[in-house]
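J.: Fold the following.
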Amino acid sequence: MAGNKSALLAVPWLGIFTGLLGNLSLLSYFAKKKEKEAILVQTLGVISMYVVISQLALAEAMPWPYFVATSVVVASGLVLNFMNYFNWLNFGVWRLWEDFITVGGLSVLPQVMWSTFIPAVPNSILPGSVAFVLAIGTVALIYRRDWANFQKKVSNLLDQYRGGLQRCFSCGCQWHRCGLAFSIQRTLKDCLLSQCC
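T.: Numbers count the residues shown, from 1 in each chain. Next up is the predicted model:
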């Protein structure tokens, strides 16, 4: 860490974080389907994105509490996915993990999209908070026993959502990077100059 950190400070950690969650979501999706090759590819994606996140945290480009929380989620996700793949995991624990990924995804994506435009819009946690409440409400409704018909329909919808969540994360990652490229052009120019020299 004796080198120049300015290049790492120009890397948007929220975009990398979104990509990491996308890989973790894909890993969960393919672990449930027992697709060995896809699991291997997504595991490599999670590990490589985590290495980048670690470098950003060491360069103080990512807040340390967020890095610690991300580390716990990534470690838990890797362990739970592989336990599920080898059928060593209780179905209830797996279902809880799927619900966690669903609620987390629904909460993180709107917040990342909002934070992309923070210089132009007020700094607020409102988009993520509203999405979090809606996601918790939807998941809670699924578990109500007296709503059996509703539960079946929403459960099918959530299974489809979980399958498509990784696509949303991938788009969110690129969206955030593009938005920041336009909002911090001076930082990116400095970064490019420091890499050329």
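J.: Going by C-alpha atoms from here, please, whenever you check contacts or count neighbours.
T.: OK.
J.: what ranges do the strands span in the protein?
T.: Counting by DSSP state E, the chain forms no strands at all.
J.: in it, what secondary structure element scores lowest on mean pLDDT?
T.: Least confident helix or strand, the chain: helix 185-196 with a mean of 46, by mean pLDDT, DSSP states H and E.
J.: residues near residue 120, how many?
T.: 10 (other C-alpha atoms under 10 Å).
J.: Equivalent analysis for residue 122, please.
T.: So residue 122, with other C-alpha under 10 Å, has 10 neighbours.
J.: Show me what counts as buried in stretch 57-67.
T.: Using 16 or more other C-alpha atoms under 10 Å as the test for burial, stretch 57-67 gives 57-59, 61-62, 67.
J.: Identify, from the residues you listed, the entry nearest to residue 88.
T.: residue 67 (28.4 Å; C-alpha to C-alpha).
J.: Next, work out how far apart the closest one and residue 73 are.
T.: 10 Å (C-alpha to C-alpha, to the nearest Å).
J.: before we move on, back to that, let me know the closest of the buried residues of stretch 57-67 to residue 13.
T.: residue 62 (6.1 Å).
J.: Just list the residues touching the closest residue to the closest one other than its chain neighbours, thanks.
T.: Spatial nearest neighbour of residue 62, chain neighbours left out: residue 56 (5.6 Å); criterion: C-alpha to C-alpha, 6 or more residues apart in numbering. Residues counted as contacts of residue 56 (C-alpha atoms under 8 Å, 6 or more residues apart in numbering) are 8-9, 11, 13, 62.
J.: Now tabulate those residues in a markdown table and tack on pLDDT.
T.: A markdown table is the format used below for these (pLDDT from 0 to 100):
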| residue | pLDDT |
| --- | --- |
| 8 | 79 |
| 9 | 77 |
| 11 | 79 |
| 13 | 85 |
| 62 | 90 |
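J.: how about those residues in CSV, adding distance to residue 34?
T.: Formatted as CSV, the contacts of residue 56 follow (distance: C-alpha to C-alpha, whole Å):
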residue, distance to residue 34
8, 37
9, 38
11, 34
13, 31
62, 34
